[in-house]
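Student: got a sequence here, can you model it:
(2 chains)
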Amino acid sequence: MSDAFAIEIAAKTHFDSDGRPVPVLRDLSMEMKVGAFTCIVGPSGCGKTTTMRILAGLEAEFTGTIDRRLSTARISYAFQEPRLLPWRTVAQNVALALGDAKPQSSLVSEALTDVGLVGLGERYPAQLSLGQARRVSLARAFAVEPDVLFLDEPFVSLDEAGAQRLRALLLDLWQRHGATVLMVTHNVREAVQLADQIVLFTERPAKVADVIDVKLPRTERDEVRISEFARKLAGRYPDLIAA
Amino acid sequence: MADIPSDRLAAMDGARPRPGLSKRTVKSLLTVGSIAAFFALWLLGTWALGPRLLPDPLAVLQFMVAETRSGELPYHLGATLARVVAAFVLAMSIGTAIGLLMGRSKLADTILEPWLIFLLNAPALIVIVLAYIWIGLTESAAILAVAINKIPNVTVTIREGARALDPSYQEMARVYRFSRTKVLRDVVLPQLQPFIAAAARSGIALIWKIVLVVELLGRSNGVGFQIHLYFQMFDVKAILGYTLAFVIVMLLVEFLAVQPLEARANRWRPKPA
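Tutor: The predicted structure follows:
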(Lines give C-alpha, C1' and ligand atoms only; values in the text may rest on other atoms or scores of the structure.)
Protein backbone atom coordinates (compact mmCIF):
# COMPACT_ATOMS: atom_id res chain seq x y z
CA MET A 1 0.00 0.00 0.00
CA SER A 2 1.04 3.59 -0.44
CA ASP A 3 2.81 5.91 1.99
CA ALA A 4 1.08 6.93 5.24
CA PHE A 5 1.45 9.30 8.22
CA ALA A 6 1.88 7.19 11.37
CA ILE A 7 0.21 8.41 14.55
CA GLU A 8 0.82 6.92 18.00
CA ILE A 9 -0.72 8.76 20.95
CA ALA A 10 0.04 6.97 24.23
CA ALA A 11 -2.02 9.30 26.39
CA LYS A 12 -3.73 12.67 26.32
CA THR A 13 -5.31 14.07 29.45
CA HIS A 14 -7.62 17.04 29.98
CA PHE A 15 -8.19 18.65 33.35
CA ASP A 16 -11.70 19.39 34.54
CA SER A 17 -12.67 22.60 36.33
CA ASP A 18 -11.54 21.15 39.68
CA GLY A 19 -8.13 20.28 38.25
CA ARG A 20 -8.80 16.54 38.23
CA PRO A 21 -7.25 14.68 35.30
CA VAL A 22 -9.65 13.21 32.75
CA PRO A 23 -8.05 10.75 30.31
CA VAL A 24 -9.20 11.55 26.77
CA LEU A 25 -7.04 9.35 24.56
CA ARG A 26 -5.17 6.18 25.48
CA ASP A 27 -2.97 3.97 23.28
CA LEU A 28 -4.42 5.43 20.15
CA SER A 29 -2.69 4.20 17.04
CA MET A 30 -3.77 5.03 13.50
CA GLU A 31 -2.48 6.15 10.15
CA MET A 32 -3.51 8.56 7.44
CA LYS A 33 -2.70 7.42 3.91
CA VAL A 34 -0.99 10.15 1.92
CA GLY A 35 -3.34 11.63 -0.63
CA ALA A 36 -6.34 9.76 0.75
CA PHE A 37 -9.54 10.92 2.46
CA THR A 38 -9.71 9.59 6.02
CA CYS A 39 -12.68 10.04 8.33
CA ILE A 40 -12.66 9.71 12.11
CA VAL A 41 -16.04 8.52 13.39
CA GLY A 42 -16.99 7.95 17.01
CA PRO A 43 -19.36 8.77 19.83
CA SER A 44 -19.71 12.46 20.62
CA GLY A 45 -17.19 13.79 23.11
CA CYS A 46 -14.85 10.83 22.68
CA GLY A 47 -11.79 12.83 21.64
CA LYS A 48 -12.03 13.05 17.85
CA THR A 49 -11.46 16.78 17.76
CA THR A 50 -8.69 16.52 20.34
CA THR A 51 -6.89 14.01 18.13
CA MET A 52 -7.14 16.32 15.16
CA ARG A 53 -5.92 19.30 17.20
CA ILE A 54 -2.88 17.26 18.25
CA LEU A 55 -2.12 16.41 14.63
CA ALA A 56 -2.51 20.06 13.59
CA GLY A 57 -0.06 21.17 16.28
CA LEU A 58 -2.68 22.99 18.36
CA GLU A 59 -2.21 20.73 21.43
CA ALA A 60 1.34 20.25 22.62
CA GLU A 61 0.70 18.38 25.88
CA PHE A 62 0.45 14.67 25.16
CA THR A 63 2.65 11.59 25.17
CA GLY A 64 3.30 9.74 21.97
CA THR A 65 4.84 10.21 18.57
CA ILE A 66 3.41 11.86 15.49
CA ASP A 67 4.88 11.48 12.02
CA ARG A 68 7.51 14.23 11.79
CA ARG A 69 6.42 15.19 8.30
CA LEU A 70 3.16 16.53 9.77
CA SER A 71 4.97 19.31 11.61
CA THR A 72 6.58 20.63 8.45
CA ALA A 73 3.68 19.99 6.07
CA ARG A 74 1.60 22.89 4.84
CA ILE A 75 -1.67 22.41 6.70
CA SER A 76 -5.18 23.80 6.50
CA TYR A 77 -7.87 23.51 9.12
CA ALA A 78 -11.58 24.07 8.59
CA PHE A 79 -12.89 24.52 12.11
CA GLN A 80 -16.33 23.49 13.31
CA GLU A 81 -17.41 27.12 13.21
CA PRO A 82 -16.03 28.99 10.18
CA ARG A 83 -13.65 31.19 12.24
CA LEU A 84 -13.48 34.06 9.81
CA LEU A 85 -12.15 37.34 11.18
CA PRO A 86 -15.36 39.39 11.46
CA TRP A 87 -13.53 42.71 10.99
CA ARG A 88 -11.99 41.69 7.67
CA THR A 89 -13.85 41.21 4.40
CA VAL A 90 -14.33 37.79 2.85
CA ALA A 91 -11.56 38.46 0.34
CA GLN A 92 -9.20 39.71 3.06
CA ASN A 93 -9.92 36.61 5.14
CA VAL A 94 -8.80 34.37 2.29
CA ALA A 95 -5.86 36.60 1.37
CA LEU A 96 -4.54 36.66 4.95
CA ALA A 97 -4.11 32.88 4.95
CA LEU A 98 -1.96 33.03 1.83
CA GLY A 99 1.71 33.82 2.25
CA ASP A 100 2.95 37.36 1.70
CA ALA A 101 4.95 36.71 -1.44
CA LYS A 102 2.29 35.38 -3.82
CA PRO A 103 0.30 37.56 -6.21
CA GLN A 104 -2.85 37.45 -4.11
CA SER A 105 -5.83 39.11 -5.70
CA SER A 106 -6.13 36.64 -8.58
CA LEU A 107 -5.68 33.67 -6.23
CA VAL A 108 -8.34 35.02 -3.88
CA SER A 109 -10.94 35.62 -6.57
CA GLU A 110 -10.17 32.21 -8.05
CA ALA A 111 -10.69 30.57 -4.65
CA LEU A 112 -13.99 32.40 -4.14
CA THR A 113 -15.16 31.50 -7.64
CA ASP A 114 -14.36 27.86 -6.93
CA VAL A 115 -16.78 27.80 -4.00
CA GLY A 116 -19.50 29.72 -5.84
CA LEU A 117 -19.13 33.05 -4.05
CA VAL A 118 -18.39 35.35 -6.98
CA GLY A 119 -18.91 38.99 -6.06
CA LEU A 120 -19.14 38.47 -2.30
CA GLY A 121 -15.48 39.27 -1.63
CA GLU A 122 -16.18 42.73 -0.30
CA ARG A 123 -18.73 41.56 2.27
CA TYR A 124 -18.04 41.18 5.95
CA PRO A 125 -18.62 37.72 7.49
CA ALA A 126 -21.61 39.03 9.49
CA GLN A 127 -23.37 39.62 6.18
CA LEU A 128 -23.07 35.97 5.15
CA SER A 129 -25.32 33.01 5.88
CA LEU A 130 -23.74 30.08 7.73
CA GLY A 131 -23.55 28.10 4.50
CA GLN A 132 -21.74 30.94 2.76
CA ALA A 133 -19.35 31.37 5.68
CA ARG A 134 -18.59 27.63 5.52
CA ARG A 135 -17.84 28.05 1.82
CA VAL A 136 -15.40 30.87 2.58
CA SER A 137 -13.77 28.64 5.19
CA LEU A 138 -13.35 25.92 2.53
CA ALA A 139 -12.07 28.44 -0.01
CA ARG A 140 -9.46 29.59 2.51
CA ALA A 141 -8.51 26.00 3.34
CA PHE A 142 -7.89 25.07 -0.29
CA ALA A 143 -6.38 28.41 -1.35
CA VAL A 144 -3.20 27.73 0.62
CA GLU A 145 -2.69 24.51 -1.40
CA PRO A 146 -2.30 22.36 1.71
CA ASP A 147 -0.44 19.06 1.95
CA VAL A 148 -2.78 18.04 4.74
CA LEU A 149 -6.31 19.33 5.22
CA PHE A 150 -8.11 18.94 8.55
CA LEU A 151 -11.89 19.23 8.59
CA ASP A 152 -13.73 19.31 11.92
CA GLU A 153 -17.42 18.55 11.31
CA PRO A 154 -17.50 21.16 8.57
CA PHE A 155 -21.16 20.57 7.70
CA VAL A 156 -22.91 20.54 11.10
CA SER A 157 -25.88 22.84 11.68
CA LEU A 158 -26.65 23.02 7.98
CA ASP A 159 -29.85 21.49 6.63
CA GLU A 160 -29.37 18.26 4.70
CA ALA A 161 -29.73 19.78 1.21
CA GLY A 162 -27.18 22.49 1.97
CA ALA A 163 -24.80 20.03 3.59
CA GLN A 164 -25.11 17.75 0.57
CA ARG A 165 -24.18 20.60 -1.80
CA LEU A 166 -21.15 21.44 0.31
CA ARG A 167 -20.08 17.77 0.41
CA ALA A 168 -20.14 17.65 -3.38
CA LEU A 169 -18.15 20.89 -3.45
CA LEU A 170 -15.61 19.47 -1.02
CA LEU A 171 -15.09 16.32 -3.12
CA ASP A 172 -14.74 18.42 -6.25
CA LEU A 173 -12.16 20.74 -4.69
CA TRP A 174 -10.26 17.82 -3.18
CA GLN A 175 -10.10 15.94 -6.47
CA ARG A 176 -8.77 19.04 -8.23
CA HIS A 177 -6.28 20.18 -5.59
CA GLY A 178 -5.27 16.85 -4.11
CA ALA A 179 -4.31 16.70 -0.42
CA THR A 180 -4.29 14.27 2.45
CA VAL A 181 -7.63 14.86 4.14
CA LEU A 182 -8.61 14.02 7.70
CA MET A 183 -12.20 14.74 8.62
CA VAL A 184 -13.95 14.35 11.96
CA THR A 185 -17.65 13.60 11.93
CA HIS A 186 -20.26 11.83 14.02
CA ASN A 187 -22.36 11.26 10.90
CA VAL A 188 -21.56 7.76 9.56
CA ARG A 189 -23.45 8.29 6.32
CA GLU A 190 -21.34 11.35 5.64
CA ALA A 191 -18.18 9.35 6.30
CA VAL A 192 -19.31 6.52 4.01
CA GLN A 193 -20.12 8.99 1.27
CA LEU A 194 -16.80 10.85 1.39
CA ALA A 195 -14.01 8.71 2.80
CA ASP A 196 -11.53 6.18 1.46
CA GLN A 197 -11.02 4.95 4.97
CA ILE A 198 -13.03 5.25 8.18
CA VAL A 199 -11.28 5.15 11.55
CA LEU A 200 -13.74 4.24 14.28
CA PHE A 201 -13.04 5.54 17.80
CA THR A 202 -14.21 3.97 21.07
CA GLU A 203 -15.78 5.81 24.00
CA ARG A 204 -13.47 8.00 26.10
CA PRO A 205 -10.62 7.36 26.72
CA ALA A 206 -10.61 6.78 23.01
CA LYS A 207 -8.58 4.37 21.00
CA VAL A 208 -9.13 2.90 17.57
CA ALA A 209 -11.95 0.33 17.55
CA ASP A 210 -11.67 -0.53 13.87
CA VAL A 211 -10.42 0.72 10.53
CA ILE A 212 -12.85 0.26 7.67
CA ASP A 213 -11.90 0.69 4.02
CA VAL A 214 -14.67 2.04 1.87
CA LYS A 215 -13.88 0.30 -1.42
CA LEU A 216 -17.02 1.40 -3.23
CA PRO A 217 -16.06 3.76 -6.10
CA ARG A 218 -17.31 7.30 -5.32
CA THR A 219 -19.43 7.36 -8.45
CA GLU A 220 -21.42 4.40 -7.14
CA ARG A 221 -22.06 5.82 -3.69
CA ASP A 222 -25.74 6.58 -4.05
CA GLU A 223 -28.37 6.95 -1.35
CA VAL A 224 -29.17 3.23 -1.20
CA ARG A 225 -25.61 1.92 -1.08
CA ILE A 226 -24.55 4.49 1.50
CA SER A 227 -27.50 3.60 3.74
CA GLU A 228 -26.75 -0.10 3.44
CA PHE A 229 -23.06 0.36 4.24
CA ALA A 230 -23.88 2.60 7.20
CA ARG A 231 -26.50 0.19 8.51
CA LYS A 232 -24.10 -2.75 8.42
CA LEU A 233 -21.49 -0.70 10.24
CA ALA A 234 -23.99 0.39 12.88
CA GLY A 235 -25.07 -3.23 13.27
CA ARG A 236 -21.51 -4.29 13.96
CA TYR A 237 -20.84 -1.46 16.45
CA PRO A 238 -24.20 -0.58 18.00
CA ASP A 239 -22.56 1.14 20.98
CA LEU A 240 -20.34 3.42 18.91
CA ILE A 241 -22.50 4.32 15.95
CA ALA A 242 -25.98 5.74 16.15
CA ALA A 243 -28.10 4.05 13.50
CA MET B 1 -31.08 26.54 4.13
CA ALA B 2 -28.19 28.66 5.09
CA ASP B 3 -27.28 29.35 1.47
CA ILE B 4 -29.28 32.32 0.31
CA PRO B 5 -28.92 33.36 -3.33
CA SER B 6 -27.10 36.65 -3.62
CA ASP B 7 -30.01 38.47 -5.28
CA ARG B 8 -32.18 37.70 -2.26
CA LEU B 9 -29.41 38.86 0.03
CA ALA B 10 -29.24 42.10 -1.91
CA ALA B 11 -32.97 42.53 -1.43
CA MET B 12 -32.51 41.98 2.29
CA ASP B 13 -29.81 44.62 2.28
CA GLY B 14 -32.28 47.09 0.84
CA ALA B 15 -34.88 46.14 3.40
CA ARG B 16 -32.58 46.65 6.34
CA PRO B 17 -33.54 49.91 8.04
CA ARG B 18 -30.67 52.32 7.51
CA PRO B 19 -30.20 55.30 9.84
CA GLY B 20 -32.34 57.59 7.72
CA LEU B 21 -32.20 61.36 7.41
CA SER B 22 -35.03 61.93 9.85
CA LYS B 23 -33.31 59.87 12.54
CA ARG B 24 -30.11 61.83 12.04
CA THR B 25 -32.00 65.13 12.16
CA VAL B 26 -33.59 64.17 15.47
CA LYS B 27 -30.18 63.30 16.84
CA SER B 28 -28.58 66.61 15.86
CA LEU B 29 -31.60 68.52 17.17
CA LEU B 30 -31.15 66.82 20.52
CA THR B 31 -27.45 67.74 20.54
CA VAL B 32 -28.20 71.38 19.71
CA GLY B 33 -30.93 71.47 22.37
CA SER B 34 -28.58 70.08 24.97
CA ILE B 35 -25.95 72.74 24.17
CA ALA B 36 -28.61 75.48 24.24
CA ALA B 37 -29.72 74.31 27.69
CA PHE B 38 -26.11 74.72 28.87
CA PHE B 39 -26.01 78.37 27.79
CA ALA B 40 -29.45 78.99 29.33
CA LEU B 41 -28.15 77.71 32.67
CA TRP B 42 -25.10 79.93 32.27
CA LEU B 43 -27.27 83.01 31.73
CA LEU B 44 -29.29 82.06 34.79
CA GLY B 45 -26.02 81.90 36.76
CA THR B 46 -24.96 85.35 35.52
CA TRP B 47 -28.30 86.75 36.66
CA ALA B 48 -27.90 85.12 40.10
CA LEU B 49 -24.20 85.80 40.78
CA GLY B 50 -23.62 89.03 38.87
CA PRO B 51 -21.31 89.72 35.90
CA ARG B 52 -18.13 90.02 37.99
CA LEU B 53 -18.32 86.46 39.36
CA LEU B 54 -19.92 84.98 36.22
CA PRO B 55 -19.79 87.14 33.06
CA ASP B 56 -22.43 86.36 30.45
CA PRO B 57 -21.55 84.24 27.37
CA LEU B 58 -21.44 87.24 25.04
CA ALA B 59 -18.82 89.04 27.16
CA VAL B 60 -16.71 85.89 27.22
CA LEU B 61 -17.08 85.54 23.45
CA GLN B 62 -15.98 89.17 22.95
CA PHE B 63 -12.92 88.49 25.08
CA MET B 64 -12.14 85.40 22.99
CA VAL B 65 -12.40 87.37 19.74
CA ALA B 66 -10.16 90.17 21.04
CA GLU B 67 -7.65 87.70 22.40
CA THR B 68 -7.63 85.82 19.09
CA ARG B 69 -7.02 89.07 17.15
CA SER B 70 -4.04 89.87 19.36
CA GLY B 71 -2.68 86.36 18.76
CA GLU B 72 -2.52 85.58 22.48
CA LEU B 73 -5.20 82.91 22.52
CA PRO B 74 -4.01 80.91 19.48
CA TYR B 75 -0.45 80.95 20.82
CA HIS B 76 -1.31 79.61 24.27
CA LEU B 77 -3.95 77.24 22.92
CA GLY B 78 -1.41 75.85 20.44
CA ALA B 79 1.19 75.33 23.18
CA THR B 80 -1.33 73.42 25.31
CA LEU B 81 -2.59 71.35 22.38
CA ALA B 82 0.95 70.34 21.42
CA ARG B 83 1.55 69.11 24.99
CA VAL B 84 -1.76 67.24 25.01
CA VAL B 85 -0.94 65.50 21.74
CA ALA B 86 2.59 64.58 22.80
CA ALA B 87 1.50 63.25 26.20
CA PHE B 88 -1.45 61.42 24.63
CA VAL B 89 0.65 59.62 22.02
CA LEU B 90 3.27 58.72 24.61
CA ALA B 91 0.73 57.46 27.17
CA MET B 92 -1.34 55.50 24.65
CA SER B 93 1.60 53.70 23.04
CA ILE B 94 3.40 52.83 26.28
CA GLY B 95 0.16 52.02 28.11
CA THR B 96 -1.08 49.77 25.30
CA ALA B 97 2.21 47.90 25.08
CA ILE B 98 2.36 47.26 28.84
CA GLY B 99 -1.36 46.40 28.98
CA LEU B 100 -0.96 43.83 26.21
CA LEU B 101 2.06 42.32 27.95
CA MET B 102 0.26 42.10 31.31
CA GLY B 103 -2.90 40.71 29.76
CA ARG B 104 -1.09 37.98 27.85
CA SER B 105 1.66 36.97 30.28
CA LYS B 106 0.89 35.80 33.79
CA LEU B 107 4.51 36.37 34.77
CA ALA B 108 4.56 39.99 33.58
CA ASP B 109 1.20 40.58 35.25
CA THR B 110 2.48 39.31 38.61
CA ILE B 111 5.70 41.31 38.44
CA LEU B 112 4.17 44.58 37.23
CA GLU B 113 0.97 44.51 39.29
CA PRO B 114 2.42 46.35 42.37
CA TRP B 115 3.96 49.00 40.11
CA LEU B 116 0.65 49.49 38.38
CA ILE B 117 -1.26 49.90 41.66
CA PHE B 118 1.40 52.30 42.93
CA LEU B 119 1.22 54.46 39.80
CA LEU B 120 -2.57 54.32 39.63
CA ASN B 121 -2.72 55.80 43.11
CA ALA B 122 0.17 58.27 42.83
CA PRO B 123 -1.38 61.75 43.02
CA ALA B 124 -0.88 63.75 39.82
CA LEU B 125 0.51 66.71 41.73
CA ILE B 126 3.30 64.63 43.30
CA VAL B 127 4.33 63.11 39.96
CA ILE B 128 4.47 66.59 38.41
CA VAL B 129 6.44 68.17 41.24
CA LEU B 130 8.95 65.32 41.37
CA ALA B 131 9.38 65.36 37.57
CA TYR B 132 10.17 69.10 37.70
CA ILE B 133 12.57 68.62 40.60
CA TRP B 134 14.42 65.64 39.14
CA ILE B 135 14.44 66.55 35.45
CA GLY B 136 14.16 70.33 35.68
CA LEU B 137 11.58 72.86 34.53
CA THR B 138 11.66 71.60 30.94
CA GLU B 139 9.19 70.68 28.24
CA SER B 140 10.13 66.99 28.38
CA ALA B 141 9.63 66.91 32.17
CA ALA B 142 6.17 68.42 31.69
CA ILE B 143 5.09 65.97 29.00
CA LEU B 144 6.59 62.99 30.82
CA ALA B 145 4.78 63.92 34.03
CA VAL B 146 1.45 64.06 32.20
CA ALA B 147 2.09 60.77 30.40
CA ILE B 148 3.04 58.98 33.63
CA ASN B 149 -0.26 60.07 35.13
CA LYS B 150 -2.19 58.54 32.25
CA ILE B 151 -0.18 55.36 31.44
CA PRO B 152 -1.59 53.23 34.31
CA ASN B 153 -5.19 53.97 33.28
CA VAL B 154 -4.46 52.97 29.69
CA THR B 155 -2.67 49.84 30.91
CA VAL B 156 -5.60 48.72 33.08
CA THR B 157 -8.11 49.15 30.25
CA ILE B 158 -5.98 47.45 27.59
CA ARG B 159 -5.11 44.62 29.98
CA GLU B 160 -8.81 43.78 30.27
CA GLY B 161 -9.01 43.71 26.48
CA ALA B 162 -5.93 41.53 26.17
CA ARG B 163 -7.40 39.05 28.66
CA ALA B 164 -10.59 38.87 26.62
CA LEU B 165 -8.83 38.03 23.32
CA ASP B 166 -10.57 35.11 21.64
CA PRO B 167 -8.14 32.15 21.51
CA SER B 168 -9.99 30.62 18.55
CA TYR B 169 -8.74 33.38 16.25
CA GLN B 170 -5.21 32.87 17.58
CA GLU B 171 -5.47 29.18 16.67
CA MET B 172 -6.69 30.01 13.19
CA ALA B 173 -3.75 32.39 12.78
CA ARG B 174 -1.39 29.67 13.94
CA VAL B 175 -2.71 27.03 11.54
CA TYR B 176 -2.40 29.43 8.61
CA ARG B 177 1.02 30.61 9.80
CA PHE B 178 0.25 34.31 10.11
CA SER B 179 3.33 36.47 10.52
CA ARG B 180 3.75 38.46 13.75
CA THR B 181 2.70 41.61 11.94
CA LYS B 182 -0.46 39.96 10.64
CA VAL B 183 -1.35 38.61 14.07
CA LEU B 184 -1.01 42.07 15.60
CA ARG B 185 -2.65 44.05 12.80
CA ASP B 186 -5.41 41.67 11.74
CA VAL B 187 -6.15 39.54 14.82
CA VAL B 188 -5.17 41.35 18.03
CA LEU B 189 -5.67 45.08 17.42
CA PRO B 190 -9.20 44.75 15.94
CA GLN B 191 -10.25 42.87 19.08
CA LEU B 192 -8.65 45.54 21.27
CA GLN B 193 -10.22 48.40 19.32
CA PRO B 194 -13.17 49.05 21.72
CA PHE B 195 -10.75 49.06 24.64
CA ILE B 196 -8.33 51.37 22.84
CA ALA B 197 -11.23 53.69 22.01
CA ALA B 198 -12.36 53.74 25.65
CA ALA B 199 -8.81 54.43 26.85
CA ALA B 200 -8.37 57.20 24.27
CA ARG B 201 -11.67 58.89 25.17
CA SER B 202 -11.05 59.04 28.88
CA GLY B 203 -7.38 59.66 28.12
CA ILE B 204 -7.82 62.92 26.24
CA ALA B 205 -10.14 64.26 28.93
CA LEU B 206 -7.77 63.39 31.77
CA ILE B 207 -4.64 64.54 29.93
CA TRP B 208 -5.79 68.02 29.15
CA LYS B 209 -6.77 68.57 32.78
CA ILE B 210 -3.32 67.50 33.96
CA VAL B 211 -1.58 69.52 31.25
CA LEU B 212 -3.15 72.67 32.72
CA VAL B 213 -1.74 71.84 36.14
CA VAL B 214 1.69 71.18 34.65
CA GLU B 215 1.58 74.53 32.86
CA LEU B 216 0.44 76.31 35.98
CA LEU B 217 3.34 74.88 38.01
CA GLY B 218 6.25 75.12 35.64
CA ARG B 219 5.66 76.51 32.16
CA SER B 220 5.57 80.06 30.86
CA ASN B 221 2.92 79.54 28.20
CA GLY B 222 -0.22 77.52 27.58
CA VAL B 223 -3.80 77.73 28.74
CA GLY B 224 -2.84 76.68 32.29
CA PHE B 225 -0.28 79.48 32.53
CA GLN B 226 -2.82 82.06 31.31
CA ILE B 227 -5.49 80.87 33.73
CA HIS B 228 -3.02 81.17 36.59
CA LEU B 229 -2.22 84.72 35.46
CA TYR B 230 -5.88 85.77 35.21
CA PHE B 231 -6.67 84.07 38.52
CA GLN B 232 -4.22 86.45 40.20
CA MET B 233 -6.00 89.33 38.47
CA PHE B 234 -9.37 87.81 39.42
CA ASP B 235 -10.51 88.04 35.77
CA VAL B 236 -13.28 85.41 35.52
CA LYS B 237 -14.11 86.49 31.97
CA ALA B 238 -10.61 85.56 30.76
CA ILE B 239 -10.57 82.30 32.70
CA LEU B 240 -13.87 81.25 31.13
CA GLY B 241 -12.70 82.45 27.70
CA TYR B 242 -9.64 80.22 27.72
CA THR B 243 -11.60 77.28 29.08
CA LEU B 244 -14.33 77.65 26.50
CA ALA B 245 -11.81 77.92 23.67
CA PHE B 246 -10.22 74.66 24.70
CA VAL B 247 -13.54 72.90 25.14
CA ILE B 248 -14.55 73.98 21.63
CA VAL B 249 -11.33 72.53 20.24
CA MET B 250 -11.96 69.24 22.05
CA LEU B 251 -15.54 69.09 20.76
CA LEU B 252 -14.25 69.60 17.22
CA VAL B 253 -11.71 66.80 17.74
CA GLU B 254 -14.51 64.53 19.01
CA PHE B 255 -16.90 65.19 16.14
CA LEU B 256 -14.44 65.59 13.28
CA ALA B 257 -11.83 62.98 14.19
CA VAL B 258 -12.83 60.54 16.94
CA GLN B 259 -16.38 59.74 15.81
CA PRO B 260 -15.60 59.29 12.09
CA LEU B 261 -12.62 57.09 13.01
CA GLU B 262 -14.79 54.98 15.29
CA ALA B 263 -17.46 54.61 12.63
CA ARG B 264 -14.80 53.41 10.22
CA ALA B 265 -13.36 50.93 12.70
CA ASN B 266 -16.83 49.56 13.44
CA ARG B 267 -18.15 49.26 9.89
CA TRP B 268 -17.86 45.46 9.97
CA ARG B 269 -20.27 45.16 12.87
CA PRO B 270 -23.82 44.17 11.98
CA LYS B 271 -25.99 47.26 12.31
CA PRO B 272 -28.60 47.04 15.06
CA ALA B 273 -32.08 46.95 13.53
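
Student: residues contacting the residue nearest to the spatial centre of chain A?
Tutor: Residue closest to the mean C-alpha point of chain A, counted by CA atoms, centre = their mean, is A:Leu151 at 1.6 Å. Contacts of A:Leu151 were listed using CB atoms under 8 Å, 6 or more residues apart in numbering or on different chains, and they are A:78, A:141, A:170, A:181-184. (Glycine included, C-beta is placed from N, CA and C.)

Student: recalculate using a threshold of 7 Å.
Tutor: The contact partners of A:Leu151, taken as CB atoms under 7 Å, 6 or more residues apart in numbering or on different chains, are A:78, A:181, A:183.

Student: what of A:Glu8?
Tutor: So A:Glu8 contacts A:29, A:64-65 (CB under 7 Å, 6+ apart).

Student: what's the longest helix in chain A?
Tutor: If you go by DSSP state H, chain A has its longest helix at helix A:160-177.

Student: off-centre distance for the next helix or strand after that helix?
Tutor: As assigned by DSSP states H and E, the chain's next helix or strand after helix A:160-177 is strand A:180-185. How far strand A:180-185 lies from its chain's middle: 4 Å, per CA atoms, centre = their mean, to the nearest Å.

Student: can strand A:180-185 be found next to chain B?
Tutor: No - Strand A:180-185 stays clear of chain B (CB under 7 Å from any CB of the partner chain), getting no nearer than 13.2 Å.

Student: ok, how many other residues are close to A:Asp67?
Tutor: The number of residues packed near A:Asp67 is 16, by other CB atoms under 10 Å in any protein chain shown.

Student: coming back round to it: can you mark which positions in the longest helix of chain A are buried?
Tutor: A:162-163, A:165-167, A:169-171, A:173-174 (16 or more other CB atoms under 10 Å in any protein chain shown).

Student: highest neighbour count among the contacts of A:Glu8?
Tutor: A:Gly64 (15 neighbours).

Student: before we move on, which element is that residue in?
Tutor: strand A:63-66.

Student: quick check: A:Arg204 touching A:Gly47?
Tutor: Yes - here A:Arg204 reaches A:Gly47: they are 5.8 Å apart, a contact under CB atoms under 7 Å.

Student: contacting residues around residue 112?
Tutor: No chain specified, so I'll use chain A. Here A:Leu112 is in contact with A:90-91, A:94, A:118, A:120-121, A:139 (CB under 7 Å, 6+ apart).

Student: can you look at chain B instead?
Tutor: Neighbours of B:Leu112 in contact, by CB under 7 Å, 6+ apart: B:98, B:102.

Student: that one: what secondary structure?
Tutor: Of the three states, B:Leu112 takes helix under DSSP: H, G, I helix; E, B strand; the rest coil.

Student: try A:Leu58
Tutor: Going by three-state DSSP: A:Leu58 is coil.

Student: now it. Nearest residue, chain neighbours left out?
Tutor: Spatial nearest neighbour of A:Leu58, excluding adjacent residues (CB to CB, 6 or more residues apart in numbering or on different chains): B:Glu171 at 5.5 Å.

Student: which element, helix or strand, includes the one you found?
Tutor: helix B:167-175.

Student: quick one: pLDDT of whichever residue of chain A sits closest to chain B?
Tutor: For chain A, the nearest residue to chain B under the criterion CB to the nearest CB is A:Gly131, separated by 3.3 Å. With respect to pLDDT, A:Gly131 scores 89.

Student: how many neighbouring residues does it have?
Tutor: 21.

Student: quick one: it and A:Leu158 touch, right?
Tutor: Yes - between A:Gly131 and A:Leu158 there is a contact under CB under 7 Å: 5.8 Å.

Student: quick revisit: wait, the residue nearest to A:Leu58 sits on A:Gly57?
Tutor: No - judged on CB under 7 Å, B:Glu171 makes no contact with A:Gly57 at a distance of 9.9 Å.

Student: circling back: tell me the pLDDT at the residue nearest to A:Leu58?
Tutor: pLDDT, read off for B:Glu171, is 93.

Student: what's the answer for B:Pro17, then?
Tutor: For B:Pro17, pLDDT reads 51.

Student: please apply the same query to B:Ala273.
Tutor: Predicted confidence (pLDDT) for B:Ala273: 52.

Student: cool, A:Ile9 as well?
Tutor: Per the predicted model, pLDDT is 91 at A:Ile9.

Student: in a strand, that's where it is, yeah?
Tutor: Yes - under three-state DSSP, A:Ile9 falls within a strand.

Student: and it, what are its bridge partners?
Tutor: Judged by DSSP bridges, the bridge partners of A:Ile9 are A:Leu28, A:Gly64.

Student: just the helices from chain A, written as ranges.
Tutor: Under DSSP H, chain A gives helices at A:48-55, A:69-72, A:90-97, A:104-114, A:130-143, A:160-177, A:188-194, A:223-236.

Student: now do the longest one: distance to the chain's middle.
Tutor: Okay, so that is helix A:160-177. 12 Å.

Student: run through who's touching it.
Tutor: Looking at what lies outside helix A:160-177 - CB under 7 Å, 6+ apart - the contacts are A:37, A:114-115, A:131, A:134, A:138, A:142, A:145, A:155, A:158, A:181, A:190, A:193-194, A:218, B:1-3.

Student: and what of the last one?
Tutor: Counting by CB under 7 Å, 6+ apart, helix A:223-236 makes contact with A:188-189, A:192-193, A:212, A:216, A:241, A:243, all of which sit outside it.

Student: buried sites along the longest helix seen in chain B?
Tutor: Longest among the helix segments of chain B by residue count, using DSSP H, is helix B:72-104. By neighbour count on 16+ other CB under 10 Å, the buried set for helix B:72-104 is B:73, B:76-77, B:79-81, B:83-84, B:86-88, B:90-92, B:94-96, B:98-103.

Student: who's in contact with A:Leu216?
Tutor: Contacts of A:Leu216 (CB under 7 Å, 6+ apart): A:Arg225.
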